[in-house]
Structures are given as C-alpha cells and as structure tokens.
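# structure for this input, please:
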Amino acid sequence: MQYWNPQRSAATNYVNDVGDKIDMSVRGSSLLLSGVLMLMLSVSNSAMAVSGHVYLNDPSAGDSTASRIGLEGIVVSNGVDVTRTLASGYYAIEDSDKEDVGEFIFVTRQAGYATDQWFKPVSAESVDFVMYKVVEDSPTDEAIFFIHLSDSHVYDQPEDFLIYSSPQVPWFIPEFVYNLIAVELLEKQYGDEVIDELRHELKLAGRIPESEAYFDRTVYAAYSSYLRQQGLNELDGTIRAAFSEINGLTPDFVINTGDLILESNRGTAQAIQRWFDYYRDIEKTIEAPVYNTIGNNELAGTERDDFLPSQQGYGKRLFKKNLGPTHFSFDYGQYHFVALDTHSKVIQSDALPDEDQYWNYGKMTREISQWLDQDLRVHQNQTLVVLNHEPFHLDPSWPFDEDQSADDDGLFAMHRVEYVLSGHTHYRSHQRIDGIEHLTTGALSGMRWVLPASIHERGYRMFYSLGRELVSIWKPLAASTIEFVEPQLDDKDRLVFAAIDSREAFVSVSVKTSAGATIGAIDLKQLNPYFYEFSKASLPQDITDTAVTIIAVSSSGQIVKKSLSLPE
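Predicted structure coming up:
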C-alpha cells in the first residue's frame, strides 16, 4: 500500500457499462466489441473532433429513430473538455491530442434514467447516446441512501494471494522454505499491530504449540501455512455473502473507490483479466447501480520485469478494457459525484520506452485536472462529492508512514467541494479540513480477505442525505450496528444515529436517558429504515446526561442495547 512504486506506462481499452445495473442485457453484446476496440484504441492517442446527440427514447414509439427526443442539458465529455447538450440534444467537442482523452466520449449519468452505454469509444466523428426514463420523476429533493465500499481486492483462486501478494518463489522451493519467505510479506503488511491477536487465534485453533507461540516468526509461518492449505477456501462464499448483505439493505446505488481486485501491480495479464472477469461477474449480483473508481492496485504489471509498457494491458489498459473511463461523474438528485484518477506517470528524462518509470499515486494528470475544473464548474448549483481511491488528507493515526496524500490542485476550495470519499488505507477515518468533510472507509476485504475479521474488521460505510448534508456510519460485515453518525449535522441540536440489524432494519428502536426517561415517539424521527433523528431539546431539562441508551428489537425478538456518548 505504498504510493510510489516502480511503473512504466499507460494505455487504454474499452468494454461495456458495468456501472449501469438497470439494463443487464447490454453487457453481453458490448463484450463483442472489445477485441476490435483494443486494436483501434491502441493505434492513436490523439482525439478527433466529435459531435452527436443525446436522445430520450420513447418506449411507446418502438425502437425507431423517430421515437427519440433530444435531451437538453446533459453533460458530455471526452475526458478533458466538458459541454452540455442543446435543446435538440446536440453536442460538439473540439479535437484534442492530450494524453488522457481521445479514447472515450461519456455522459454524466442521471438519476431516474438508464442508458445503453454511458461511455463509448471514439470510433467515428459522430457518437450518439440513448437514455431511457425508468422512474416518472427524478428524485431532485428526496433523500438518498447509498453504500460506499472500497478495497474489495477480489480474486478467484485461493493460491492467488500467496502467488501475487507475497514474494515470488520458484516452484521447486520446498513449502517450509516458502513459508519462511512468505512471512516477510505478512510481517511487512501487518506487523506488531496484529501479531498478538493472530497468535491467540492460532493457539485456539491448535496450529501452534504453546512452547513456540512466543516466537513471532513461528506465528507468521504457521499462518502462512494455514493460508496455503485451507484458509482461503471459502473466499468466494465470503465475498458473495458480503454483496448479498448489501442487497438486503436496498441502497439507491453503491460506490467502490478502487482496489477492486487483488494485486494488478504484480499480476500477469492473464491473472489480472481473470480477476476482472470474476469481479464483474459477482458485481452483477449487486442489484443497485455500482460506480467503480480506479485504485493503485488496478495498475497492471507495474512491478513485473516481464510486463512491459509496450504490451497490451499494461498500466491502466486492463481497467479501461473492463470498466471504461478512469474518471467520470454522475448525478443523483441535488448531489453531483465526481470520480477521480490520481495516478500519473513520472517519466525519467533519459528513460527508454521500456525502461522503468514511476507512478505517483497522489497526482492527477494535467488533463484530468482540467476536466475536473470544468466538470465542477458546470455543477456549481449542486452539492459536490468527490470520490477517489487515495485520501487527500491522511489520518495521523494511520499506522503506515510511507505514503503521501493526493493533491487536488486547489480545485476543491475553488469550487466549494463539500465531501471527499476515499479508501486505500484499509482503515476508516473522518476529518473536517478547511470546511470539507473527508471520509475514508475501511476495506470490504479487511486485509485482503486474509486476516480473520476478528483481527482486521471488514465492512463498508452507509450514507444518508438530509437536505444538502450527508451523514454516515461504518457497518461491519454480518454484524448489528448502533452508532451516532459522522459527520453530525451543522445544526447541533439535531442528533442522528443509525441502527441496523446485520442486514435488515430493526423492528423497533427507542432512546432512553441514563435516568430512565424515554424520548417520546414524536421526538424520535425515523428517517429511513436505518437512520433516526432526535433533538437535544427533547431530552428532559433536568437531565445533564452525556450519553443515551439505544434499545433495538430485531425481527426475531432479540433485544440489543447500546450506550452512546452524545456528540459534542
């Protein structure tokens, strides 16, 4: 999880829309294009002038061109330049030879609409988009509820972790020697922070004798052996159960802020494509729309001597082949979400094309920065939410010290961005910096599904909107959760908390003071199935409590009580 790693180059490709869950039938047909598009997009990095239309399809009129009505005001981009459609649905974007454009034309997706493809390769001078209205009215003022997950790090074969996330070891090395080498990875990634908990788990499982349990290397060697033999055998079921849990909560949409797959930096092209295939397959099981951003572990082959920049799939190519543009935006009601890519090449002046280059994990390219400036500028009347894999401000409590934060080029303050959602660290945090709420979610994978959840918690954030403010809680997988939200609302008299029974709503929820006084049903407002609000003014005037007790009843009749300190 270091920001600076030896890298080489980037290139591109295309595949179908995996973020749009409403029309699954599009997926299969668009895959037929990928081989042709890989060749076409690798021929030139320069962009042509492109124009076209964005249409609203009228299903009552059939599929003919006559059934299409031009949509006005839809934002269209080539990755650096941004424009809006005219009343007829027409748009035009001038040609450009900039590095991060020329591969795709894409639209800003709208709530309440499905689209055949939200991005298309620049294969001709005219590129049209068709949208389908799926709800009668777009939820401009309604509350939204969404899931933010990150660092899913999926892989489909149990041995992948020890092949690609641990030191490369020849096949003829005996297993006991391999275990000692694999220990180096475990020690480096997990360190003293988890060794005692891991020792406890292994002793309970009878995998290390009491007489040797005090040797750290013995603990790691035993755990490495366990992983090779059986520890990851239920990986697929665990990942699918996590996505099933998310379905049970019925969010409006899901965001995954990168490191979707295991370890592209060290993977072969074949292994990486296999992981992307697996991710796209299980991601289809999520019933809500999913928006994926690129993470540092989607940069393919950048730590392999045998994966060269001139080869297909290197760098960002496999991400683009499978998921499309690495930066984009979408709207939901009065909120505008912007997905960024802060991974840029640092090329040494004397480097040959296939010699080592570096990637900065905290810097946008000049072209992406220009796109961000324009995209934010045309959405100034909305609440602006930025999505990125790497945080723009690292929490000082993060236990790793070899990283740098991402750079926003001063655009967040200029355009009054209000929220920044990120991942990468595998730890959750919340900081308010210069008026911007920075929220980092923990990893869905915990520590890449390797450490037990009891040692490194797996989960995601749940977000809910109240007007133009977002609140959230961290939700551990397969666990009931009762917590006050972060951030709290600007109105400090309004207190919001969430109560979730594993993967469903509690049947009833009540709030009591330490003196036993119950906040009345009128004063306790249920915002949605999981979020609740009450005011400090509703507390008895003669009570000076600094905590309240939340009492929740599950559908099975189980009573859950939790004492929570009142937010300051």
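# you'd agree S152 is up against S445?
Yes. Contact criterion C-beta atoms under 8 Å: S152 and S445 qualify, at 5.7 Å. In this view, the C-beta of every residue, glycine as well, is placed from N, C-alpha and C.
# the more surrounded of these two?
Remark: of S152 and S445, S152 carries more neighbours, 29 against 25, as counted by other C-beta atoms under 10 Å.
# what sits against the more buried one?
Counting by C-beta atoms under 8 Å, 6 or more residues apart in numbering, S152 touches 239, 256, 259-261, 279, 443-445.
# now L318
13, 264, 269, 272-273, 276, 298, 300.
# picking that back up, farthest pair in the contacts of S152?
For the contacts of S152, the farthest-apart pair by C-beta to C-beta is Y279 and A443; their separation is 14.8 Å.
# would you point out the helix or strand in the protein whose mean pLDDT is lowest?
The least trusted helix or strand in the chain, going by mean pLDDT, DSSP states H and E, turns out to be strand 4-7, with a mean of 28.
# how's this structure carved up into domains?
Split into domains by automatic domain parsing, the chain comes to 4-154+234-440, 160-231, 480-565.
# rewinding a little: V548: which of the contacts of L318 is nearest?
E298 (43.3 Å).
# so the nearest residue to that closest one once chain neighbours are set aside is in which element?
Nearest residue to E298, sequence neighbours excluded (C-beta to C-beta, 6 or more residues apart in numbering): F319, at 4.5 Å. Secondary-structure assignment from DSSP states H and E places F319 in helix 317-323.
# still on that earlier bit, of the domains of the chain, which shows the lowest average pLDDT?
Ranked by mean pLDDT, these bottom out at domain 160-231, which scores a mean of 69.
# now do the same end-to-end measure for that domain.
Between the opening and closing residues of domain 160-231 there is a gap of 12 Å (C-alpha to C-alpha, to the nearest Å).
# check stretch 462-470 too.
Distance between the boundary residues of stretch 462-470 (C-alpha to C-alpha) amounts to 10 Å.
# so for that stretch, mean pLDDT?
Here the average pLDDT along stretch 462-470 is 96.
# so what touches that stretch?
Outside stretch 462-470, the residues that touch it by C-beta under 8 Å, 6+ apart are 143-148, 249, 251, 333-335, 383, 385, 418-419, 437, 471-473, 475, 485, 487, 489-490, 496, 498, 500, 527-528, 530-531, 533.
# list the buried residues of that stretch.
Neighbour-count burial for stretch 462-470, counted by 16 or more other C-beta atoms under 10 Å, picks out 462-466, 469-470.
# out of these, which is nearest to I74?
Minimum distance to I74 across these is 22.8 Å, recorded for S465 (C-beta to C-beta).
# surely that closest one is in a strand?
Yes. Assessed by DSSP: H, G, I helix; E, B strand; the rest coil, S465 belongs to a strand.
# only whichever of the contacts of stretch 462-470 are buried, select them in PyMOL.
Restricted to buried positions by 16+ other C-beta under 10 Å, the PyMOL selection for the contacts of stretch 462-470 reads:
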select buried, resi 144+145+146+147+148+249+251+333+334+335+383+385+418+419+437+471+472+473+475+485+487+489+496+498+500+527+530+531+533
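# mind listing which of the contacts of stretch 462-470 are in helices?
Among the contacts of stretch 462-470, the members found in helices (DSSP state H) are L249.
# in strands, which of the contacts of stretch 462-470 fall?
Among those, the members found in strands (DSSP state E) are 145-148, 335, 383, 385, 419, 437, 471-473, 475, 496, 498, 500, 531, 533.
# off-centre distance for stretch 315-330?
Offset of stretch 315-330 from its chain centre (C-alpha atoms, centre = their mean, to the nearest Å): 13 Å.
# now the helices for the chain?
Taking DSSP H as the criterion, the chain carries its helices at 25-31, 34-43, 160-164, 175-190, 192-204, 216-226, 235-249, 269-283, 317-323, 366-377, 411-415.
# for H343, give me its contacts.
Contacts of H343 (C-beta under 8 Å, 6+ apart): 294, 296, 299, 316, 326, 359-361.
# out of those, who's nearest I433?
Once C-beta to C-beta is applied, the member of the contacts of H343 that ends up nearest I433 is Y361, at 19.5 Å.
# please report the distance of the closest one from L318.
Per C-beta to C-beta, to the nearest Å, Y361 is found 17 Å from L318.
# one more: Y464?
From Y464 across to L318, the span is 35 Å (C-beta to C-beta).
# what does A339 give?
Counting by C-beta to C-beta, the gap from A339 to L318 is 18 Å.
# kindly report the same for T257.
18 Å.
# how many other residues sit next to the closest residue to D434 other than its chain neighbours?
Leaving out its chain neighbours, the residue that sits closest to D434 by C-beta to C-beta, 6+ apart is A413, at 6.3 Å. A413: 11 surrounding residues under other C-beta under 10 Å.
# over to M414?
Using other C-beta under 10 Å, M414 is surrounded by 12 other residues.
# if I look at it, how far off is Y223?
Per C-beta to C-beta, M414 is found 48 Å from Y223.
# contacting residues for L262?
153-155, 160-161, 164-165, 275, 297, 448.
# now with 7 Å, please.
The contact partners of L262, by C-beta atoms under 7 Å, 6 or more residues apart in numbering, come to 153-155, 160-161, 164-165, 275, 448.
# same check on T481?
Going by C-beta under 7 Å, 6+ apart, T481 touches 473, 475, 498, 500.
# quick one: it and M131, what's the gap?
Distance, T481 to M131, using C-beta to C-beta: 37 Å.
# also F531?
Look at F531 and M131: by C-beta to C-beta, they are 31 Å apart.
# list the contacts of T238.
By C-beta under 7 Å, 6+ apart, T238 lies in contact with W449.
# state the distance from it to R503.
Counting by C-beta to C-beta, the separation of T238 from R503 is 14 Å.
# check V154 too.
Per C-beta to C-beta, V154 is found 20 Å from R503.
# neighbour count winner among those two?
Neighbours per residue (other C-beta under 10 Å) separate V154 from R503, with V154 holding more: 25 against 18.
# quick check: that one touching Y279?
Yes. Counting by C-beta atoms under 7 Å, Y279 is a contact partner of V154 at 5.1 Å.
# which residues do the two both contact?
Jointly contacting V154 and Y279 under the rule C-beta under 7 Å, 6+ apart are 260-261.
# so E263 touches N297, yeah?
Yes. At 5.8 Å, E263 counts as touching N297 under the criterion of C-beta under 7 Å.
# next, count neighbours for the nearest residue to G267 once chain neighbours are set aside.
Nearest residue to G267, sequence neighbours excluded (C-beta to C-beta, 6+ apart): Y164, at 5.1 Å. Number of residues near Y164 (other C-beta under 10 Å) recorded here: 21.
# please apply the same query to S244.
Using other C-beta under 10 Å, S244 has 13 neighbouring residues.
# many thanks, we can stop here.
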